[in-house]
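**Q** Take a look and give me a structure for this.
(one chain, ligands or ions: 2)
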Amino acid sequence: TMTSRVKVVEVGPRDGLQNEATVALAAKVDLINALSNAGVSYIESGSFVSPKWVPQMADSADVLAQIERHEGVTYAALTPNMKGFDAALAARADEVAVFAAASEAFSQKNINCSISESLARFEPLMAAAQAADIRVRGYVSCVLGCPYQGEVPIAEVVRVAEALYEMGCYEISLGDTIGVGTPLHAQRMLAAVAEAVPMPQLALHFHNTYGQALANIAACLPLGVATIDSAVAGLGGCPYARGASGNLASEDLVYMLHGMDIETGIDLPALAQAGQAICQQLGHKTRSQVAQALLQQ
Ligand code: HMG
Ligand code: MG
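**A** Ligands and ions are numbered 1, 2, ... in the order given. Okay, the predicted model is just below:
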């Protein structure tokens, strides 16, 4: 049954800014502060990956050091391995996320190892996180298609999601990395994963490359999913997935949810302001249609 409240996981400062030419540290800090002031309760704030692979995220420790931390807000970071985990812990990330893929080809391009090697690499990280009392989120990329191998069998998505869940990830975020999915495929994929991982532990992370993200979310909400990832202003993309343009825009998601009487705790005009400010910094237009409409009023 449909949820009455959605937890919005804001990934703009990470997924969004990892794909932009270098953004000033102060602009990142301002963005995160503006998001928390708008009532966003979960902000993926950076990424402790190799700076040779993603130089845009090299200042994540400084970002976490300089933000104003609001009570009740979770500031999270991506960590692909122990080195990243140790750095995230030192920077006082509240939570971390590991990221795997349902496609072998994408796993190699993105994290330079096979799916099974990546899962093995997460084991010591899970143990260290448990010892440090840090929750770990798990991503599965390419759940509705892969930029290198094309179609991805739903059974592979289920297998990787279940492995991350059994390893101790408290939530599994299902990523349509290149935004190729359509509503019935998204529904079938979510329903299949929910047979292996309980629905309250699942999240959707849909990129909007083909303009399908909001339709896909709308199709999945009746299945009971209650956690959705999105990025303010529709920022986003993965440097290792060609054509992975923006994430679902947070403003568009929040507008739709509020219109469906689903609470988010987010102040939409304040969210749109946060998006406008970062777009001014980046020198490009917002990808959120709702933000465009609101700002024209
Ligand atoms: P590798 O080259 O195989 O790693 O990269 P390595 O262990 O051989 O280390 C190579 C060098 O990197 C060494 O330095 C390490 O110290 C350093 P050197 O001795 O050459 O000077 N290194 C690190 N430095 C800082 N932090 C670290 C770290 N680890 C190693 N954590 C690795 C493997 C995983 C590190 C690399 O492939 C990598 O960083 N990949 C990250 C790629 C990435 O960030 N992609 C975007 C995020 S995923 C995404 O966007 C999808 C998502 O949004 C969901 C969706 O949309 O589907 C989550
Ligand atoms: Mg992504």
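
**Q** CA only for contacts and neighbour counts going forward, please
**A** Fine.

**Q** hey, what's the residue lying closest to residue 257 once chain neighbours are set aside bridged with?
**A** Nearest residue to residue 257, sequence neighbours excluded (C-alpha to C-alpha, 6 or more residues apart in numbering): residue 263, at 6.9 Å. On the basis of DSSP bridges, residue 263 is bridged to residue 5.

**Q** Residue 293 and ligand 1, how far apart?
**A** From residue 293 across to ligand 1, the span is 26 Å (C-alpha to the nearest ligand atom, to the nearest Å).

**Q** Now do the buried residues in the helix or strand containing that residue.
**A** Residue 293 belongs to helix 289-296 when elements are defined using DSSP states H and E. Of the residues in helix 289-296, 290-292 count as buried by neighbour count, 16 or more other C-alpha atoms under 10 Å.

**Q** residue ranges for the helices of the stretch 151-297 of the chain, please.
**A** With helices called from DSSP state H, counting those that start in this stretch, the stretch 151-297 of the chain shows them at 154-167, 183-194, 213-220, 250-259, 268-282, 289-296.

**Q** could you redo the ones you listed as a markdown table and give each row mean pLDDT?
**A** Formatted as a markdown table, those follow (pLDDT from 0 to 100):
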| stretch | mean pLDDT |
| --- | --- |
| helix 154-167 | 98 |
| helix 183-194 | 98 |
| helix 213-220 | 98 |
| helix 250-259 | 98 |
| helix 268-282 | 96 |
| helix 289-296 | 93 |
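
**Q** Adding distance to residue 65 as columns, could you present those in JSON lines?
**A** What follows is the helices of the stretch 151-297 of the chain, written out as JSON lines (distance: least, C-alpha to C-alpha, whole Å):
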{"stretch": "helix 154-167", "distance to residue 65": "29"}
{"stretch": "helix 183-194", "distance to residue 65": "37"}
{"stretch": "helix 213-220", "distance to residue 65": "33"}
{"stretch": "helix 250-259", "distance to residue 65": "25"}
{"stretch": "helix 268-282", "distance to residue 65": "20"}
{"stretch": "helix 289-296", "distance to residue 65": "29"}
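
**Q** Of all those helices, which one comes closest to residue 138?
**A** Residue 138 sits nearest to helix 154-167 of all these, at 6.2 Å, using C-alpha to C-alpha.
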